[in-house]
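Asks: Okay, sequence plus prediction incoming.
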Amino acid sequence: MADNMVLQNIKMLDGTSVDIVIENRKIVSIALPGTAAGEKVIDYQNKAYVSSGWIDMHVHAFPEFDPYGDDIDEVGYKAGVTTIIDAGSTGADRIQDLADSSKKSKTNVFAFLNISRVGLERVDELSDLSLLNKEVLKQAVHEYKDFIVGLKARISSSVVGLNDIEPLKIARKFSKETDLPLMVHIGSGPPDIHDVLDLLEEGDVITHFLNGKKNNLFDDKGKPLPAFLKAMERGVHLDVGHGHASFSFQTAEQAKEYGIHFHTISTDIYRKNRQHGPVYSMANVLNKFLCLGYSLKEIIDAVTVDAAAWLNKPELGRIAIGDIANLTLFSVEDETIDLMDSDGEIRQAEQRITVKGVVVNGEYNTC
Ligand code: ZN
Ligand code: ZN
């Protein structure tokens, strides 16, 4: 078996063409196109781009849980995503099982720990405050400190029940005690979005920030709420988290009009919205942002450099000699396609991103 392989004639995002040589799982050379030799050569004939491996900040990769569950590698490397962050599928009770299954998968996995010990075993996980147990949470964070990158709180009415903003106040306390940022899912109120925004701090993540529901981040006229702008000034991170119900073209167009830029583009993918839409895959979600008029570089940065920066793992967002090879190869072709958001709205796009191959921890796979 070849331990040295060359990805030949691939385009970087700036349009220059290169060969990338991978040996013993690492990038050992970035050479002029068509010049590198190796035991196994895959010639992309300048028909594909290469970026560092895509990072999806919001997935559900604990297959046992329904409806919000899926297999790690289905939402990971098979879709061109070399690193996933499970967004609070599990709480303290099952984080060990998620960590164990991540070791058996090819895709790199990190996790937000649900502040409710039961996680998404039930979908109203914050309606009973006795499930928000500080001691078991701290123990889990201690045991899985390299795996857990933040805490997850789903702050919308169907999840919190009658508890209004109380679960987020508790999440804030847990965040202080563990020194971990929060990823907060927003949606229908109560609680009121202003109460949510007021509790968010630098490094916290708002996921579903382009949702089109009432109680979202924009007023009736489509203007961003002043409290939203203030949260952005404090350094709150904006994540897409498309999902079944949380991405609206109209809201995305409003955000663009007011110059509000995403930090990360994520899918909120799980079995059902992968198989039946409107998510399908990371590439399909990226197509929507291409259609909105963002540049290819802005879009790919949002799943590479910018996601890696939030993770404080810059090596995951670059292509550099000496690093373990995590790369995504994809084409961008002129093609007319219909894209649907979470509200059933359709936009016609003129370009399509398609994943062609992936290198995950040095291992090449076609997609
Ligand atoms: Zn959510
Ligand atoms: Zn989710």
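Replies: Good, I have the coordinates. Ligands and ions are numbered 1, 2, ... in the order given.

Asks: For the stretch 101-250 of the chain, which segments count as strands?
Replies: 108-114, 148-155, 182-186, 205-207, 237-239 (DSSP state E, counting those that start in this stretch).

Asks: Reformat those into JSON lines and put mean neighbour count next to each item.
Replies: No exception for glycine: its C-beta is placed from N, CA and C like everyone else's. Below are these laid out as JSON lines (neighbours: other CB atoms under 10 Å):
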{"stretch": "strand 108-114", "mean neighbour count": "25"}
{"stretch": "strand 148-155", "mean neighbour count": "26"}
{"stretch": "strand 182-186", "mean neighbour count": "25"}
{"stretch": "strand 205-207", "mean neighbour count": "26"}
{"stretch": "strand 237-239", "mean neighbour count": "25"}
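
Asks: Kindly reformat those as JSON lines containing distance to A140 and mean pLDDT.
Replies: As requested, the strands of the stretch 101-250 of the chain are exported to JSON lines (distance: least, CB to CB, whole Å; pLDDT from 0 to 100):
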{"stretch": "strand 108-114", "distance to A140": "6", "mean pLDDT": "98"}
{"stretch": "strand 148-155", "distance to A140": "7", "mean pLDDT": "98"}
{"stretch": "strand 182-186", "distance to A140": "16", "mean pLDDT": "98"}
{"stretch": "strand 205-207", "distance to A140": "19", "mean pLDDT": "98"}
{"stretch": "strand 237-239", "distance to A140": "23", "mean pLDDT": "98"}
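
Asks: Switch those strands over to a markdown table; also include distance to ligand 2.
Replies: Putting these into a markdown table (distance: least, CB to the ion, whole Å) gives the following:
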| stretch | distance to ligand 2 |
| --- | --- |
| strand 108-114 | 9 |
| strand 148-155 | 8 |
| strand 182-186 | 6 |
| strand 205-207 | 7 |
| strand 237-239 | 10 |
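
Asks: Between those, which one is closest to Y364.
Replies: Among the strands of the stretch 101-250 of the chain, strand 108-114 comes nearest to Y364, with 15.7 Å by CB to CB.

Asks: list the contacts for V205?
Replies: M57, G150, P181, L182, M183, V184, V236, H237, L238, D239, T264, W310 (CB atoms under 8 Å, 6 or more residues apart in numbering).

Asks: likewise N361?
Replies: Counted by CB under 8 Å, 6+ apart, N361 has contacts R25, T82, K106, N108, I324, A325, N326.

Asks: Could you report the distance from it to F65?
Replies: According to CB to CB, to the nearest Å, N361 and F65 sit 26 Å apart.

Asks: Okay, helices next: where are they in the chain?
Replies: 72-75, 95-103, 134-143, 157-160, 166-178, 193-198, 226-233, 249-257, 271-275, 282-291, 296-301, 305-311 (DSSP state H).

Asks: which other helices and strands contact the third one?
Replies: I take that to be helix 134-143. Under the contact criterion of 3 or more CB pairs under 8 Å, 6 or more residues apart in numbering; DSSP states H and E, helix 134-143 touches strand 108-114, strand 148-155, helix 166-178.

Asks: Near ligand 2, which residues of this protein are found?
Replies: A87, D268 (CB under 5 Å from the ion).

Asks: please redo it, this time with the cut-off set to 6 Å
Replies: Residues of the chain found near ligand 2 (CB under 6 Å from the ion) are H58, H60, A87, G243, D268.

Asks: Now for these, which sits with the most neighbours around it?
Replies: When neighbours are taken as other CB atoms under 10 Å, the top entry among those is A87 (30 neighbours).

Asks: what sits against the nearest residue to that one once chain neighbours are set aside?
Replies: Spatial nearest neighbour of A87, excluding adjacent residues (CB to CB, 6 or more residues apart in numbering): H58 at 4.3 Å. Residues counted as contacts of H58 (CB under 8 Å, 6+ apart) are I85, A87, M183, T207, D239, V240, G241, G243, S266, T267, D268.
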